[in-house]
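J.: sequence and predicted model, in that order:
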Amino acid sequence: MTVQSRFARSVLALTAFVSMLAPLVALAQSDNAQSEPQPGSYPLWSQQYDASYFTVLSAAAGTRGAVTCTDSTMMGNVGSSGARAAVVQTRCSVSGQVVAPVTPTVLAQFNSKFDAIGDRKCEKALTGTLAGMILKPGVYCFPAAASVTGTLTLDGPAFGVWVIKVNGNLTGKSFSMVMADKGKPCNVYLESSGATTMTTSNAKGNIYSGEAITLTGGSFVGRAFAKKAITMTDIAATGCVQ
C-alpha cells in the first residue's frame, strides 16, 4: 500500500470519527443552554435577582416573612423571606409564581429601595385626609401618621413620579386614587415608616411599608412590599407590568 493510499484511509477514518462525535457535542451544548439561564430569560433571572418581579413581597428579617391571602385574586407573583408554608392561600388565586424563600439579593434590593425613597427630600408637607386633593408629580410627606379617605387625584404626564412619605402608620378607609392626564400607577410610591392599612379602598402605586401591610376589600394596582407580614382579604390586586 502506498503512502498516499494510507493517508487517504486515515483521513476517511478521522472524518467518520468526527461525524460520530457531532451529535454528542450538540446534545452537550443543548444541556448547557438549558441549565444556564441567560440574561433576558425572564422570568428565571427576575425571580432570582430582581425584586421588581414581585407584586407582593414580605421581606421580613430572617425567615419570618409571611403572606396571607384570602378570598382574593392577584395578577402577579408573590415572594416571601419565609419558607413556602409561610404563604397561605385560602380561596386565593395567584396568576404568577409563589417564591419562598426569595434570595438575599431580592431582600437587599427591597431594603435599598426603601432607604432611597426615605432619603428623598420632601418638597411639600401634607395634612388632612387628602380627600378632593389634586397632586402634581413631586415628593410629599406627612410629618406624622396619616389617615386618608375620599378621592385623591394624581395629575401628570406619563413620566411623572409621585412620592408620598408617611412618618408613622398609613391608614386608608374608603380611599381612592385616580390617575389623571397620562399618569401611571406604577410611578407612584407610598412609603410609611410604620404599618400600612387600606380598607375598602382602591389604592395605586408601590407601597413600601416599614411594618406590616393589611389590605381588606377593594382593589390595588401596583406592588405591596413590607418589612413584616402582608395580609390580603377580599382584594383584587394587579401588579406592575415590566
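T.: Arrived safely.
J.: in the protein, which residue is closest to the centre?
T.: For the chain, the residue sitting closest to the mean C-alpha position, by Cα atoms, centre = their mean, is Phe54 at 2.6 Å.
J.: for Gly218, see how far away that one is.
T.: Taking Cβ to Cβ, to the nearest Å as the criterion, Phe54 is separated from Gly218 by 20 Å. The C-beta positions use only the backbone N, C-alpha and C, and glycine is treated the same way.
J.: can you check Met75 too?
T.: The span separating Met75 from Gly218 equals 15 Å under the rule Cβ to Cβ.
J.: ok, those two, which is more surrounded?
T.: Gly218 (19 against 15; other Cβ atoms under 10 Å).
J.: can you list the buried residues in stretch 168-181?
T.: Buried residues in stretch 168-181, counting neighbours by 16 or more other Cβ atoms under 10 Å, are found at Asn169, Leu170, Thr171, Gly172, Lys173, Ser174, Phe175, Ser176, Met177, Met179.
J.: wait, I meant stretch 199-213
T.: When neighbours are counted by 16+ other Cβ under 10 Å, the buried residues of stretch 199-213 are found to be 199, 201-210, 212-213.
J.: only alpha carbons, please: show it as CSV.
T.: Taking C-alpha atoms only, stretch 199-213 is exported to CSV below (Å, rounded to 0.1, in the frame of the first residue of the first chain):
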residue,chain,number,x,y,z
THR,A,199,-59.8,49.1,54.0
THR,A,200,-62.5,49.2,51.2
SER,A,201,-60.1,51.3,49.2
ASN,A,202,-58.8,51.5,45.6
ALA,A,203,-55.1,52.2,46.1
LYS,A,204,-52.5,52.6,43.4
GLY,A,205,-48.7,52.6,43.5
ASN,A,206,-45.7,50.9,45.0
ILE,A,207,-46.3,50.5,48.8
TYR,A,208,-43.2,50.3,50.8
SER,A,209,-44.1,49.6,54.4
GLY,A,210,-41.7,49.6,57.4
GLU,A,211,-44.0,47.2,59.2
ALA,A,212,-47.0,45.1,58.1
ILE,A,213,-49.4,45.7,55.2
